[in-house]
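Participant: sequence unknown, structure follows:
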C-alpha cells in the first residue's frame, strides 16, 4: 500500500511537471533526480505487487539534411589615412610683469579700556528649614481569603504507534 501511494505521488508530480510550460526542463530534472528509497513495510498489511511498467518503443534516428555553407565576406581594403603636415605655431607673447602694489599703512587700533564690574552678590550659606505638613495615614486594608482551587487530574495522553509517520517530523525536502 505504501509503495502504491508513492507510485501515485510520483505519477502526479510527473503529470504536473509535464503539464507546465517548460516540459523539457521538467523532464531533465526528473531524469537527474535519484529515486527515493522504498518506505519500510508496515506490519500487518500485506505487500502489494507493483504493476508491470510498459516498455517505451525506441525512437528511430532521423537524418538531417546537411547544413548549407556560409558564404565568406569579401575582404575590404581601407585606404591609408593622409598624413597631416606639421604646423609651426607663432611664438607665445610675453606676459607683462605686474608691478608690486604698495598699500597705505594700517591705522593704529585704539586700546580698549578695562571694564569694572559690580561685585557679585554673596550666596546664602544656610538654607532655612521648611516646615512640611504631616503625611496622611494610609488605612490598612484586609483582603478576603483566596478561594481554594480544586485539584484536577487529567486523563493519560494517548500514545502514537512507532510505525505511523508524522508529517511534521519529516525532514524538509532537499532542493
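Facilitator: Thanks, I have the structure now. The structure presented is a predicted model; accordingly, all values stated were derived computationally and were not measured. Numbering: from 1, shown residues only.

Participant: what's the neighbour count on residue 10?
Facilitator: Neighbourhood size, residue 10 [other Cβ atoms under 10 Å]: 13. For glycine as for every other residue, the C-beta is placed from the backbone atoms N, C-alpha and C.

Participant: mind checking which helix or strand it is in?
Facilitator: In the assignment (DSSP states H and E), residue 10 maps to helix 2-19.

Participant: any idea how far that helix is from the chain center?
Facilitator: The chain centroid and the centroid of helix 2-19 are separated by 33 Å, computed with Cα atoms, centre = their mean, to the nearest Å.

Participant: just checking, what packs against it?
Facilitator: helix 23-32 (3 or more Cβ pairs under 8 Å, 6 or more residues apart in numbering; DSSP states H and E).

Participant: quick one: average pLDDT of the helix it packs on?
Facilitator: Taken as a whole, helix 23-32 carries a mean pLDDT of 66.

Participant: How about stretch 103-112?
Facilitator: Mean predicted confidence for stretch 103-112 is 84.

Participant: again, but for stretch 75-86
Facilitator: The predicted model assigns stretch 75-86 a mean pLDDT of 86.
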